[in-house]
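Visitor: build me a model:
(2 chains)
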Number of protein chains: 2
Amino acid sequence: MEIDFQKAGGFVPAIIQDKLTGDVLMLGFMNLEAFAQTQRTGEVVFFSRSRNKLWKKGETSGHVLKVLEMRVDCDADALLVRVEPVGPGVCHEGYRSCFFREMDAQGGARIVAERTFAPEKVYAKEKSQ
Amino acid sequence: MEIDFQKAGGFVPAIIQDKLTGDVLMLGFMNLEAFAQTQRTGEVVFFSRSRNKLWKKGETSGHVLKVLEMRVDCDADALLVRVEPVGPGVCHEGYRSCFFREMDAQGGARIVAERTFAPEKVYAKEKSQ
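Guide: Presented below is the predicted three-dimensional model:
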């Protein structure tokens, strides 16, 4: 099955979901190489658009994402990666999920999750998501 | 809270999750106007990149997505929209979720969900996702 990397300029969005809890943890992008490495190693690799290079999730923090299941959508232009997350959280701000803020209709946002780790201890000097 | 629409050329990916079951149903993109309409109406509106216009989910099928909760990620460049889906499914191929195929390590894919409706009956002439 061919994934359509061209539709969005060489990348597809990859939704990361905790398979056990169902929580959506984060969204990243993969190019063909990141996808291939993810498939081969069984741990999630993204392509960082801001740093313009492959980005193994957990390379700094140790919080890798073990791939349990990989799904593709009807148009083959989005991925759903169901994982077992290693460690207390995926977010560089110290939360289990990057989606820790809920928005209201007035454009405000409030934090609706508890911090699960201290990011300054996990990410020494380099900020990593 | 400002959503960063500029990072990906005016759009942010919006993950649609069934709040009750936790299932990820689909991924779409929103521009500022789609986001504002979604907020205002309480039903999901995307921007269709292929048709280059706003796209109210369910406009053809009646399978609208009622917004129960909207979350934003740490970098404010991705949305998680938790919904109550109206109708038997969101996918134009007749499934509850667009992520109805699981990939294997050899690049193959197999269908892992049951069809929940007959798309040819729901989508008269116009194909809509």
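Visitor: where do the strands of chain A begin and end?
Guide: Assigned by DSSP state E, the strands in chain A fall at A:12-18, A:24-30, A:45-48, A:53-56, A:65-72, A:79-85, A:101-103, A:109-111.
Visitor: save those as CSV, and put in mean neighbour count and distance to chain B too.
Guide: Using the backbone N, CA and C atoms, a C-beta is placed for each residue, glycine as well. Shown next, in CSV, are the strands of chain A (neighbours: other Cβ atoms under 10 Å in any protein chain shown; distance: least, Cβ to the nearest Cβ, whole Å):
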stretch, mean neighbour count, distance to chain B
strand A:12-18, 24, 5
strand A:24-30, 25, 4
strand A:45-48, 22, 12
strand A:53-56, 16, 14
strand A:65-72, 19, 4
strand A:79-85, 22, 4
strand A:101-103, 20, 5
strand A:109-111, 13, 4
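Visitor: mean pLDDT added to the ones you listed, as TSV?
Guide: Below are the strands of chain A laid out as TSV (pLDDT from 0 to 100):
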stretch	mean pLDDT
strand A:12-18	98
strand A:24-30	97
strand A:45-48	97
strand A:53-56	96
strand A:65-72	98
strand A:79-85	98
strand A:101-103	97
strand A:109-111	96
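Visitor: could the ones you listed go into JSON lines alongside distance to B:E2?
Guide: Formatted as JSON lines, these follow (distance: least, Cβ to Cβ, whole Å):
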{"stretch": "strand A:12-18", "distance to B:E2": "21"}
{"stretch": "strand A:24-30", "distance to B:E2": "18"}
{"stretch": "strand A:45-48", "distance to B:E2": "22"}
{"stretch": "strand A:53-56", "distance to B:E2": "24"}
{"stretch": "strand A:65-72", "distance to B:E2": "28"}
{"stretch": "strand A:79-85", "distance to B:E2": "27"}
{"stretch": "strand A:101-103", "distance to B:E2": "11"}
{"stretch": "strand A:109-111", "distance to B:E2": "10"}
